[in-house]
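Colleague: My questions concern the predicted model and sequence given below.
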Amino acid sequence: MKLTVIIPVYRVEATLDRCVESVLGQDVDDMEVILVDDGSPDNCPKMCDDWAERDVRIRVIHKENGGLSDARNVAIDIAKGDYITFVDSDDWMEAGTYKAILKLMDDDDIVEFPVARRLSLSDRSYDNIDDYWLTEQAYAHTFACNKIYRRSLFDDVRYPQGKVFEDVYTLPLLLRKAKRVSTTSQGCYHYEWNPSGITATADGEKLAMLLDAHLTSGMPIDDRYYMYLVNIQMDVCEQTGRPIILPTRQVNTSSLDGKLKIKSILLNALGISTLCRINKFIHYFKKPNRW
């Protein structure tokens, strides 16, 4: 088996057919598609079974609701493909994406491809994984679904349960096992914005998990990445009042530009604690109906 495509399913009646059709239309015969019904309370379980009856490449798992990580993990456990990829069931794949990417996989452990309207990539390969993480700013697009992975990377890696931003916890573990990672301009993953999803609704507690994921990843942090983390730390402080956990650092401002450079100059002059207090003060006065 060449490829396993894992699709967690939960309350996606309106988009499931489009998602599955786009995957089955990838012109890859040596492929299995695992639909994981994560205890969906609507018509999705039957829709999954109907798809399995229509196409022999589809396998269905019905399970109690356990969340996205658990759904992915139970499918990884039974995956037969030499390679694994993921699709969220409210998204869809550009035609021909998997066929094009699989041709690139012989020398790579992970290949990352574009996300419509969110991420453009050039054709590059990295034997130094730290270079990929920093040069491509991969820390800002740790998405599970726009990558194809060599199955063996998951031999002792699973997505963490009870965590949000699970991709940020998991991708560094996979990268540390990878010998070569490539990006490509070929193919496209079509992400559909979900106003009730984690990214759109993340509060201070969830952002604290995001910051923890980055700081415990063991990946290198350059000045641009550090400023990315400063923004998360400021939001966590503003929304939760938790103590600052981001280590203090003097940033080389010459490596940055625009608003990021201005913020880094203020950071060096005032420190992260003062910057967080100023940010909280500004947001307080921006709140509607404050009086």
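Modeller: Here it is on my side, so go on.
Colleague: hey, which helix or strand in this protein has the poorest pLDDT?
Modeller: helix 198-201 (a mean of 60; mean pLDDT, DSSP states H and E).
Colleague: hmm, who's touching the helix or strand just after it?
Modeller: Note on helix 198-201: by DSSP states H and E, the next helix or strand toward the C-terminus is helix 204-215. Helix 204-215 has contacts (Cβ atoms under 8 Å, 6 or more residues apart in numbering) with 139, 163-165, 168-169, 198, 202, 229, 232-233, 235-236, 238-240, 242, 245-246. Just so you know, the C-beta spots here come from the backbone N, C-alpha and C atoms, and that holds for glycine as well.
Colleague: Apply 6 Å and report the result again.
Modeller: 163, 164, 165, 168, 169, 229, 232, 235, 236, 239, 240 (Cβ atoms under 6 Å, 6 or more residues apart in numbering).
Colleague: Next, format those as JSON lines and append neighbour count, secondary structure and pLDDT.
Modeller: What follows is the contacts of helix 204-215, written out as JSON lines (neighbours: other Cβ atoms under 10 Å; DSSP: H, G, I helix; E, B strand; the rest coil; pLDDT from 0 to 100):
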{"residue": "163", "neighbour count": "19", "secondary structure": "coil", "pLDDT": "91"}
{"residue": "164", "neighbour count": "23", "secondary structure": "coil", "pLDDT": "91"}
{"residue": "165", "neighbour count": "20", "secondary structure": "coil", "pLDDT": "94"}
{"residue": "168", "neighbour count": "22", "secondary structure": "helix", "pLDDT": "98"}
{"residue": "169", "neighbour count": "21", "secondary structure": "helix", "pLDDT": "97"}
{"residue": "229", "neighbour count": "20", "secondary structure": "helix", "pLDDT": "98"}
{"residue": "232", "neighbour count": "18", "secondary structure": "helix", "pLDDT": "96"}
{"residue": "235", "neighbour count": "21", "secondary structure": "helix", "pLDDT": "94"}
{"residue": "236", "neighbour count": "26", "secondary structure": "helix", "pLDDT": "95"}
{"residue": "239", "neighbour count": "17", "secondary structure": "helix", "pLDDT": "92"}
{"residue": "240", "neighbour count": "13", "secondary structure": "helix", "pLDDT": "92"}
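Colleague: Return the member of those residues nearest to residue 82.
Modeller: residue 169 (24.6 Å; Cβ to Cβ).
Colleague: Distance of residue 204 relative to residue 276?
Modeller: Distance check for residue 204 against residue 276: by Cβ to Cβ, to the nearest Å, it reads 12 Å.
Colleague: okay, these two: which has more neighbours?
Modeller: residue 276 (21 against 14; other Cβ atoms under 10 Å).
Colleague: Contact partners for the more buried one?
Modeller: So residue 276 contacts 234, 237 (Cβ under 6 Å, 6+ apart).
Colleague: Backbone dihedrals for it, both of them.
Modeller: phi -70, psi -40 (degrees, to the nearest 10).
Colleague: I'd like to know how far it sits from residue 203.
Modeller: With Cβ to Cβ as the criterion, residue 276 and residue 203 are 17 Å apart.
Colleague: now residue 15
Modeller: Counting by Cβ to Cβ, the gap from residue 15 to residue 203 is 25 Å.
Colleague: Between these two, which is the more surrounded one?
Modeller: Taking other Cβ under 10 Å, residue 15 and residue 203 do not tie; residue 15 has more neighbours (16 against 12).
Colleague: Thank you kindly, that will do.
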